[in-house]
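[1] following is a predicted model, sequence given first.
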Amino acid sequence: MLKDNTKSIASDSGSDRVYPTVEDIVVIEGKGPWGTKSGGKLNVLFGLPLGLLQEKFFDYNKTELEAVPTDIRGLRSYVVSGLTKGAVGANEWHKLRNEIVFAAKGRFRWSCEDVHGNKVDAPLHSARIRSVIRRKRNPGNL
């Protein structure tokens, strides 16, 4: 069950903006493996209901969307590879996009810090299919 733990912070202009917290991170377990008719193994990395996708992944803050030069709505998928042990990446936060993160190969620690200073770590390992969803809720969305 997802719960809404977003909190508002007064901006410099005095208006309240709602930002997600680390409490909004949801860890979901994959399912499988099941044998396939072709003799392979099938693993489900994640399965999300349509309502959850529409509410948490296709709902954008109108003000933030107007601030970017290109319409970035939709889904995208990418793979990061070739990392050395101990490497640190990202160090950024997306105002518009939510992410589903999983380890396709190997293992890593996904560390998150919200704008309130709260932190959480989620160890991810390809042998144990587990996904981390960072989701948000924004008032005044399209």
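    Looks like it came in fine.
[2] drop to CA atoms for contacts and neighbour counts, all remaining ones
    Will do.
[3] determine the longest helix present in the protein.
    Secondary structure of the chain per DSSP state H: the longest helix is helix 50-56.
[4] tell me the helix or strand right after that helix.
    helix 62-66 (DSSP states H and E).
[5] what residues sit buried inside that following helix?
    Using 16 or more other C-alpha atoms under 10 Å as the test for burial, helix 62-66 gives residue 65.
[6] now that helix - C-alpha only, PDB.
    Extracted in PDB, the C-alpha atoms of helix 62-66 (Å, rounded to 0.1, in the frame of the first residue of the first chain):
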ATOM      1  CA  LYS A  62       2.000  22.100 -14.400                       C
ATOM      2  CA  THR A  63       4.400  24.800 -13.100                       C
ATOM      3  CA  GLU A  64       7.400  22.500 -13.200                       C
ATOM      4  CA  LEU A  65       6.500  21.100 -16.600                       C
ATOM      5  CA  GLU A  66       6.200  24.700 -18.000                       C
END
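[7] ok now that helix, how far from the chain's centre?
    Centroid displacement of helix 62-66 relative to its chain, using C-alpha atoms, centre = their mean, to the nearest Å, is 19 Å.
[8] what's the first helix or strand after it?
    Defined by DSSP H and E, the subsequent element after helix 62-66 is strand 99-101.
[9] within its sheet, name the partner strands of that next one and how each one runs.
    Strand 99-101 sits in its sheet next to strand 130-134 (antiparallel), going by DSSP bridges.
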